[in-house]
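[1] Take a look and give me a structure for this.
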Amino acid sequence: MKYPGVACSATAGLGLSSARVTHYTSVVKQTQPSPQQEQADADQAVIDRVLAGERNAFGILIQRYSDPLYRHAVGMTGSPDVAEDILQVSFIKAYNHLSEVRGRFDAWVFRIVANGCKDWLKNIRRTHLSYEEDDQPSGYETPEEELDRGELRSDLDGALSALPASLREAFVMKHVEGRSYEEMAELLDTTVGALKMRVHRAREALQALLEERYQ
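    Here you go, the predicted structure:
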């Protein structure tokens, strides 16, 4: 049962007006750590354990970030096998340089994977990017429509593979992974404006390439 006046008398006893209580409550709420900060603190706690000699704890970080990093590597390279190789090498590199982490671990390890993808693209010009998930049923009813779809996807793949790595990366992160510009800026350690420009240039380049193909 609630008793009217109890809360008021309690705050009055502390010498706090209702206005001050409201202000105090808002200040407390503002000082609450964000989910990102809580995650960064949790990651740092694991890093501290690894650096203290508990090597197996690194598996927690691998399990925590493998899936999104793998999806990005597949989007950049178009090859699950290559993506797995890049991820394995990247986590080994991250483990060997764990003491160098400054700031958020997820952004730090993402840049390692992203650089690995760019290095691969520099050496391998022929890439493939698939937008079709194997377990998704086709929305097309006829073989002719399915063929048209495959041809269009193949042309888009070819156009994407022709983009510079930085433009392809921005396009994949925005339109394949569905990330916000703010999140992209944090992960790539650059500005929102620079990323918007990259995505815009990628769209223009893709449009020009596809228009040339379908004239």
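[2] So which residues of the protein form helices?
    6-13, 18-30, 35-51, 58-77, 80-96, 105-123, 143-161, 165-171, 181-188, 192-213 (DSSP state H).
[3] export the ones you listed to TSV and tack on mean pLDDT and mean neighbour count?
    In this view, the C-beta of every residue, glycine as well, is placed from N, C-alpha and C. Below are the helices of the chain laid out as TSV (pLDDT from 0 to 100; neighbours: other Cβ atoms under 10 Å):
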stretch	mean pLDDT	mean neighbour count
helix 6-13	41	11
helix 18-30	50	10
helix 35-51	93	14
helix 58-77	94	18
helix 80-96	94	16
helix 105-123	92	18
helix 143-161	57	14
helix 165-171	91	22
helix 181-188	92	18
helix 192-213	86	15
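[4] and stretch 92-110, how far apart are its ends?
    Using Cα to Cα, to the nearest Å, the end-to-end distance of stretch 92-110 comes out at 13 Å.
[5] before we move on, what about stretch 90-108?
    This stretch, stretch 90-108, spans 11 Å end to end (Cα to Cα).
[6] Touching that stretch from outside, list them.
    The set of residues external to stretch 90-108 that reach it, using Cβ atoms under 8 Å, 6 or more residues apart in numbering, is 36, 39-40, 43-44, 47, 50-51, 58, 61-62, 65, 69, 109, 112-113, 116, 186-187, 189.
[7] let's see 10 Å
    Outside stretch 90-108, the residues that touch it by Cβ atoms under 10 Å, 6 or more residues apart in numbering are 36-37, 39-40, 42-44, 46-48, 50-51, 55, 58-59, 61-62, 64-66, 68-69, 73, 109-117, 183, 185-189.
[8] how is this protein carved up into domains?
    According to automatic domain parsing, the chain comprises the domains 34-127, 142-215.
[9] What sits closest to Ile60 if chain neighbours are left out?
    Distances taken as Cβ to Cβ, 6 or more residues apart in numbering put Val46 closest to Ile60, at 5.0 Å, once the chain neighbours are dropped.
[10] Was I right to think the one you found contacts Arg55?
    No. The pair Val46 / Arg55 is not scored as a contact, 11.4 Å apart, by Cβ atoms under 10 Å.
[11] follow-up on the earlier one: what's the spacing between the residue nearest to Ile60 and Glu183?
    22 Å (Cβ to Cβ, to the nearest Å).
[12] now swap in Trp120 and tell me
    Counting by Cβ to Cβ - Trp120 and Glu183 are separated by 23 Å.
[13] State the number of residues packed around Gly103.
    Residues contacting Gly103 under the criterion other Cβ atoms under 10 Å number 11.
[14] Phi first, then psi, for it.
    Gly103 has phi and psi values of phi 80, psi -150 when expressed as degrees, to the nearest 10.
[15] swap in Pro164?
    Phi and psi for Pro164, reported as degrees, to the nearest 10, are phi -60, psi 150.
[16] ok, now which ones touch it?
    Contacts of Pro164 (Cβ under 10 Å, 6+ apart): Lys118, Leu121, Ala170, Arg198, Arg201, Ala202, Ala205.
[17] Quick check: closest non-adjacent residue to the third one.
    The spatial neighbour of Ala170 that comes closest, neighbours along the chain excluded (Cβ to Cβ, 6+ apart), is Arg198 at 3.7 Å.
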